[in-house]
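> got a predicted structure here, sequence first:
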Amino acid sequence: MSAKFASNQAGDRIRLLMKGYHIAIAGATGAVGIELLRVLERRSFPVASLRAIGSARSAGKSVRFRDDSIPVEELTNSSFDKIDIVFFSAGGEVSRKYVPIACQADAIAIDNSSVFRMEPHVPLVIPEINPEDVRSHRGLIANPNCTTAVALMALYPLHRVFGVRRVFAASYQAVSGSGARAIEELKRQLERAGQDQESSSGPGSATPATVYPHPIAFNVLPHVDSFLESGYTKEEMKFQNEGRKIMHLPEFRASVTCVRVPVYRAHSVAISAEFERPVSVEEAREVLAKAPGLELVDEPQSNRYPMPLSVAEKDNCQVGRVRVDCAFENGLSFWVSGDQLLKGAALNAVQIAELL
C-alpha cells in the first residue's frame, strides 16, 4: 500500500467519523433492538442518520434515539440503500433472507442470529478476544451466542495464560433470551401464582405455558433450543463450536447443559475447566482481575459473588467462586454472570462496529 493511498484512506475515515455513519437496525422494536439504540446513544457512536426497521406489524410504531422519535419502517429489499452499517436482530429467517441484500447494497451487516456464525468466511467476533478477525470481513460479521459470549469473557483470559483443553459447564439462562413474549409469560405466571397461592394445586401449576413447553415460574427447564440426535441441544453445542472459532482453538471441547431459569435478565454459567498448565487460585484471580470487560467479584465469606441482579443492565460481566477443581488435573471451577442483552448481544455488536 502506498503512503499516499494510506493517507487518503485515513483521511476518508476521519471525515466519515466526523460526519457519522448511516445506521439501520433490523428488529428495532425487539428487546435487543431497543438495547442497541441505548448502547449507540450512551457510547456516543457517530451516527449521522438512523433507520429503524421492523416487521409489518411494527411499522408505524416509533423508537426513541437521543431526543428524537424515529418512525419504524417495514423491512423491504430497499431498506439498506445508503446505509453504512446495519445491525440485524430480527431472528434467523430475517437474517437469512436480508443479510445478503444488505451486503449487496454495500452496507456492512453485523448479525446477531446464528445463521452465518459458523460460515468459514464470516468473522465471529468478541472484541476483547479476537478483534483482529474483523479485518477479514466481506461485508458481514457475526455476533456470538449470548451464553458463549458471557462464558468466554472469563474463560479466554485464563486460556491465554494456562491453555484451556476442555470444559464442563451448566448455564442458567434468563427468559429475556427468548424475547419479550417470554418475559410477559413469566410475569403472568407469577401474577397467577400470587392469586392462587391458597390453591392446593401449588404455585403456577395451573398457568398455561405458550413460549416454553412447561411453566417457567418456580421452575427450571433443562431445555434451551431444539434437541439434536446426540441428546444435546443446539444451544449447548454453540459453546464448543463457537468457542473453537472465536479462540482459534480447533481442539477445544465443551460439554454443556443449558437451563432456562425464572430470571428476567442476565445469564450465568458454572464452569469447570481443565488447562494444559497448573493453575492456582491466586494466579487465576490475578489474571481475571486484569481482563477487559470483566470484574472479579470473589469474596464468598462476605457473600459477594456474581449474580444476575448485580450485572443486569451493566456492560461488564462478573466472575467469582474461583476455586481449584477437585475432579480435574490442572482444573479450575468458577461462576460467571453477564447481561445477555448487552455483552451477549447489543453491546458486543456496537463494539464490533467501533472496530470498523
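All right, it came through fine. Numbers count the residues shown, from 1 in each chain.
> how far away is the nearest residue to G243 once chain neighbours are set aside from R244?
Distance criterion CB to CB, 6 or more residues apart in numbering; nearest residue to G243, sequence neighbours excluded, is F252 at 5.4 Å. C-betas here are computed from N, CA, C, even on glycine. Distance, F252 to R244, by CB to CB, to the nearest Å: 5 Å.
> neighbour-wise, which of the two wins?
For F252 versus R244, the count of surrounding residues by other CB atoms under 10 Å is larger for F252: 20 against 17.
> what's near enough to touch V175?
Neighbour list for V175: A182, I183, E185, L186, V211, I216, R260, P262, V263, Y264 [criterion: CB atoms under 8 Å, 6 or more residues apart in numbering].
> mind doing that once more with 10 Å?
181-187, 211-212, 216-217, 221, 260-265 (CB atoms under 10 Å, 6 or more residues apart in numbering).
> now stretch 274-290: buried residues?
For stretch 274-290, burial by neighbour count (16 or more other CB atoms under 10 Å) applies to E274, F275, V279, A284, R285, V287, L288.
> now name the helix or strand holding E274.
strand 267-275 (DSSP states H and E).
> now the helices for the stretch 251-356 of the chain?
Remark: helices assigned in the stretch 251-356 of the chain by DSSP state H, counting those that start in this stretch are 281-290, 308-311, 347-355.
> and for the chain?
3-19, 31-42, 92-104, 146-162, 180-195, 234-247, 281-290, 308-311, 347-355 (DSSP state H).
> pLDDT of the second one, averaged?
Read it as helix 31-42. Average pLDDT, helix 31-42: 95.
> what residues of it count as buried?
Result for helix 31-42 [16+ other CB under 10 Å]: buried residues A31, V32, G33, I34, E35, L36, L37, R38, V39, L40.
> could you dump these to TSV with distance to V297?
Converted to TSV, the buried residues of helix 31-42 look like this (distance: CB to CB, whole Å):
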residue	distance to V297
A31	25
V32	25
G33	30
I34	27
E35	23
L36	27
L37	29
R38	24
V39	23
L40	28
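> quick check, nearest of those residues to L342?
Nearest to L342, judged by CB to CB, of the buried residues of helix 31-42 is E35 at 6.3 Å.
> rewinding a little: can you put the helices of the stretch 251-356 of the chain in a markdown table and add distance to G338 and mean pLDDT?
Below are the helices of the stretch 251-356 of the chain laid out as a markdown table (distance: least, CB to CB, whole Å; pLDDT from 0 to 100):
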| stretch | distance to G338 | mean pLDDT |
| --- | --- | --- |
| helix 281-290 | 13 | 98 |
| helix 308-311 | 6 | 98 |
| helix 347-355 | 10 | 98 |
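> right, so of these, which gets closest to V63?
Among the helices of the stretch 251-356 of the chain, helix 347-355 sits nearest to V63 (CB to CB), with 15.7 Å.
> would you put the C-alpha positions of that closest one in PDB?
In PDB, the C-alpha atoms belonging to helix 347-355 read as follows (Å, rounded to 0.1, in the frame of the first residue of the first chain):
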ATOM      1  CA  LEU A 347     -23.100  -4.100  23.400                       C
ATOM      2  CA  ASN A 348     -20.900  -6.700  21.600                       C
ATOM      3  CA  ALA A 349     -22.500  -5.700  18.300                       C
ATOM      4  CA  VAL A 350     -21.700  -2.000  18.800                       C
ATOM      5  CA  GLN A 351     -18.200  -2.800  20.000                       C
ATOM      6  CA  ILE A 352     -17.700  -4.700  16.700                       C
ATOM      7  CA  ALA A 353     -19.000  -1.600  14.800                       C
ATOM      8  CA  GLU A 354     -16.500   0.500  16.800                       C
ATOM      9  CA  LEU A 355     -13.700  -1.700  15.500                       C
END
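> between helix 31-42 and it, find me the angle.
50 degrees (axes from the mean of the first three to the mean of the last three CA atoms, to 10 degrees).
> now do helix 347-355: distance to the chain's middle.
For helix 347-355, the separation from the chain centroid amounts to 11 Å (computed by CA atoms, centre = their mean, to the nearest Å).
> in terms of secondary structure, what does it contact?
strand 21-26, helix 31-42, strand 85-88, strand 108-111, strand 140-142, helix 146-162 (3 or more CB pairs under 10 Å, 6 or more residues apart in numbering; DSSP states H and E).
> repeat that with 6 Å
Packing partners of helix 347-355 (3 or more CB pairs under 6 Å, 6 or more residues apart in numbering; DSSP states H and E): helix 31-42.
> what residues does the helix it packs on touch?
25, 27, 63, 65-66, 87, 89, 176, 179-180, 341, 345-347, 350 (CB atoms under 6 Å, 6 or more residues apart in numbering).
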